[in-house]
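**Q** Quick one, structure for this:
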Amino acid sequence: MAAGLLLVGVLPGTASAAEPDPRIGLGGGWHDAQSAISNLEHLAHRDKPAGFVDPANPGNGGYYASDFTFGGKYAFLGNYNGFNIVDVSKPADPTLVTSVVCPGGQGDLSVHGNLLFMSVEESRGRVDCGTDSSVGTRFQGVRVFDISNVLNPVQVAAVQLCRGSHTHTVVADPKDADNVYVYVSGTTSVRPATTMEGCNNDLATGENPSRWRIDVIKVPLAAPEQAAVVNQPRLFADPVTGRIDGLQNGPQTPRHPSGSTWSPTPNTNACHDITAYPEIGLAAGACQGNGILIDISDPANPRRIHEVSDPNFAYWHSATFNNDGTKVIFTDEWGGGSGARCRDTDQPEWGANAIFDIADRKMKFASYYKLPVPQSLQQNCVAHNGSLIPVPGRDIMMQAWYQGGISVFDFTDSANPHEIAFFDRGPVNPNALVLGGFWSAYWYNGNLYGNEIARGLDVFKLTPSQHLSKAEIEAASQVQLGQFNAQGQPKITWTPSFAVARAHYDQLVRAKAVGNPLKFQVDQFLQRAEQFAANGQRDAAVSQLQEIAGKLTASEHQKLKQAILDLSASL
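**A** Residues are numbered from 1 along each chain as shown. Predicted coordinates for the structure are as follows:
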């Protein structure tokens with residue numbers, strides 16, 4: 001049975017068979033919908049500010065909240081009408097700092113140092129961020145803002161592109177501190193050459209068609225105004241014939257397995273999203289009809305090294321690696337995000353995550369994970385954006401499911417993912433399907449954040465449960481990042497601490513991998529060592545740690561043993 005099968009009450013962390021899942025039947029409303037929560041605490045909610053919401057029509061697409069990113073103490077919230085900067089240094093009291101009106105959709109954002117990058121794909125966009133689309137110079141591409149003064153962001157570059165920018169990925173080269181690269185995924189129709197010279201939509205007769213490629217922008221950090229396209233790699237080419245449309249060029253079957261028409265069509269002429277992991281030299285591209293693995297050891301010249309397909313996938317949408325780089329999760333945005341795709345009639349492999357193991361730079365399918373509770377016909381719901389939660393020793397991800405809410409799940413065993421926490425609201429409109437719900441859900445420096453399309457920003461924190469201990473939560477919270485872009489994964493490392501050691505101990509206890517009397521001994525030695533350390537008795541603490549490390553001889557105990565030895569060396 002697939003791990004995400006839509007059966008109420010069969011997954012840990014949701015509900016028992018005798019107790020229906022509380023997410024079922026939630027009352028709707030724009031700002032007064034009912035909600036359900038498990039193993040999370042809801043710290044704060046902030047409505048979208050004026051100018052970024054249509055009070056008469058919360059489903060007005062010109063004001064959708066979109067993707068978001070973090071830098072320092074700020075969250076940068078994308079919107080089809082511009083972006084908002086929110087101070088999240090007090091997670092229970094997030095405070096709006098600045099709003100920048102700059103229409104053009106999709107408004108996805110990334111941060112690198114004092115630079116903010118923004119995707120623009122709609123033809124209403126203007127170079128000068130003007131709001132009257134009938135005048136001014138059209139803009140579709142990537143904007144670059146200087147945010148050194150968050151009270152007054154200044155656009156310093158605007159790189160025009162033939163298909164605009166639906167999403168983008170900032171790639172920092174570990175070997176080059178002077179530049180960053182931006183991989184651009186453009187999915188809209190090709191602009192006419194009259195609006196941008198060189199744009200070409202014809203594969204059969206045209207020269208250098210603007211589809212079947214990505215754009216690579218080089219940004220000199222000392223002179224970002226010089227940002228420019230330096231490469232347009234053909235990542236989908238057939239390595240034997242050289243044909244640039246060498247991957248999947250349409251559905252594998254006439255109709256979707258559900259019996260419905262394909263929506264969208266899995267046609268690999270662009271990537272929807274690319275997630276880069278520079279520390280391991282790899283990126284994963286969710287490319288409409290395929291998932292691809294990309295070598296980015298030379299960031300200006302990415303090259304495809306493996307690809308996978310799936311007859312259940314309508315639209316390969318986004319990707320997330322685990323921290324070790326041994327797994328990758330791809331999402332399927334079946335229905336394009338605007339349809340009800342978590343109904344009780346929908347199978348767990350439709351509009352879901354596909355989890356792949358990575359070995360020898362090749363991907364092998366392991367399982368599906370789908371939100372494990374059905375949603376109503378009034379709720380758009382399908383797999384969307386998420387990120388890792390850095391619990392040492394485990395692979396845990398939080399993920400947005402539009403109006404399916406937020407699901408936190410464990411995929412340490414890639415063949416058996418399971419949910420451990422959730423948050424959900426009722427539909428925006430209880431009588432009709434109005435686009436809403438969480439576009440993205442990301443962890444940042446100890447807290448969980450979600451950007452709701454129609455409602456605004458939510459902040460959560462994890463609470464201890466049978467699935468996640470206090471020490472595991474504390475160890476994750478000790479990881480502090482200077483910035484975070486979900487499409488540019490950082491390598492997470494953990495500073496040795498008692499919380500990290502305890503986290504590994506708790507995992508062994510949960511898995512019944514350490515029995516008495518050893519379990520009792522480890523617990524007692526860790527307690528005594530922590531007390532000695534708190535009292536400044538370093539030698540006594542080290543002695544306790546080294547003694548208990550010597551008792552951990554089984555292979556399954558090695559992560560705990562190493563965490564204890566690292567802690568001992570750090571005191």
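
**Q** Which strands or helices does the host helix or strand of H168 pack on?
**A** Using DSSP states H and E, H168 sits within strand 167-172. Judged by 3 or more C-beta pairs under 8 Å, 6 or more residues apart in numbering; DSSP states H and E, strand 167-172 is in contact with strand 106-112, strand 115-120, strand 179-185, strand 273-277. Backbone N, C-alpha and C define where each C-beta goes, glycine included.

**Q** got these as TSV, with distance to A286, mean pLDDT and mean neighbour count columns?
**A** Listed next are these as TSV, based on distance: least, C-beta to C-beta, whole Å; pLDDT from 0 to 100; neighbours: other C-beta atoms under 10 Å:
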stretch	distance to A286	mean pLDDT	mean neighbour count
strand 106-112	14	97	26
strand 115-120	15	98	27
strand 179-185	9	97	25
strand 273-277	5	98	26
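
**Q** Throw the ones you listed into CSV and include distance to A227, thanks.
**A** Below are the helices and strands packed on strand 167-172 laid out as CSV (distance: least, C-beta to C-beta, whole Å):
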stretch, distance to A227
strand 106-112, 12
strand 115-120, 9
strand 179-185, 8
strand 273-277, 17
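
**Q** P91 is nearest to which of those?
**A** Set against P91 and scored by C-beta to C-beta, these come closest in strand 106-112, at 18.2 Å.

**Q** so what does the closest one touch, helix or strand wise?
**A** strand 65-71, strand 74-79, strand 82-87, strand 115-120, strand 167-172.

**Q** I'd like these laid out as a markdown table, including distance to D310.
**A** Output for the helices and strands packed on strand 106-112, formatted as a markdown table (distance: least, C-beta to C-beta, whole Å):
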| stretch | distance to D310 |
| --- | --- |
| strand 65-71 | 24 |
| strand 74-79 | 28 |
| strand 82-87 | 34 |
| strand 115-120 | 26 |
| strand 167-172 | 21 |
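
**Q** Assess the claim that A283 and R303 are in contact.
**A** No - the criterion here is C-beta atoms under 8 Å, and A283 misses it with R303 at 10.3 Å.

**Q** Same drill for those two, tell me which one is more crowded.
**A** A283 (29 against 14; other C-beta atoms under 10 Å).

**Q** quick one: that one is in a helix?
**A** No - remark: A283 does not belong to a helix; assigned using DSSP: H, G, I helix; E, B strand; the rest coil, it is strand.

**Q** Let me see the contact set for it.
**A** For A283, the contact set (C-beta atoms under 8 Å, 6 or more residues apart in numbering) comprises T169, V171, Y183, I274, T275, A276, Y277, L293, I294, I296, P302.

**Q** just V97 next, same as before
**A** Y74, I85, V86, D87, V150, L151.

**Q** Nearest residue to it in space, ignoring adjacent ones along the chain?
**A** Of all residues not flanking V97 in the chain, I85 sits nearest, at 4.6 Å (C-beta to C-beta, 6 or more residues apart in numbering).

**Q** Mind listing the residues bridging to that neighbour?
**A** Beta-bridge partners for I85, by DSSP bridges, are F76, T98.

**Q** my guess is it meets Y74, correct?
**A** Yes - taking contacts as C-beta under 8 Å, I85 lies within contact range of Y74: 5.4 Å.

**Q** okay, and the common contacts of these two?
**A** V97, V150.

**Q** Quick one: list the elements packing against the longest helix that the chain contains.
**A** Identified as the longest helix of the chain according to DSSP state H is helix 518-534. For helix 518-534, the contact count by 3+ C-beta pairs under 8 Å, 6+ apart identifies helix 498-510, helix 538-551 as packing neighbours.

**Q** cutoff 10 Å now
**A** If you count contacts as 3 or more C-beta pairs under 10 Å, 6 or more residues apart in numbering; DSSP states H and E, helix 518-534 packs onto helix 498-510, helix 538-551, helix 558-570.

**Q** Now do T169, the pLDDT please.
**A** We have a pLDDT of 98 for T169.

**Q** again but with T195, I slipped
**A** At T195, pLDDT is 89.

**Q** swap in the one 5 residues further on?
**A** At N200 the predicted local confidence, pLDDT, stands at 91.

**Q** Likewise for N416?
**A** 98.

**Q** where does it land in three-state SS?
**A** coil.

**Q** is it true that it touches Y368?
**A** No - contact criterion C-beta atoms under 10 Å: N416 and Y368 do not qualify, at 11.1 Å.

**Q** what about A511, how many residues close to it?
**A** 9.

**Q** Apart from its chain neighbours, what residue comes closest to it?
**A** E556 (7.9 Å).

**Q** Just the buried positions in stretch 124-132, please.
**A** Buried residues in stretch 124-132, defined by neighbour count with 16 or more other C-beta atoms under 10 Å: R124, G125, R126, V127, C129, G130.

**Q** Which one of those is nearest to I396?
**A** G125 (37.3 Å).

**Q** rewinding a little: let's see if you can find the most crowded of the contacts of V97.
**A** V86 (23 neighbours).

**Q** need the contact list for the closest residue in space to L40 that isn't next to it in sequence.
**A** Spatially, and ignoring its direct neighbours in sequence, L40 is nearest to F460 (4.6 Å; C-beta to C-beta, 6+ apart). The contact partners of F460, by C-beta atoms under 10 Å, 6 or more residues apart in numbering, come to 37, 40-44, 91, 398, 406, 408, 421, 423, 441, 443, 447-450.
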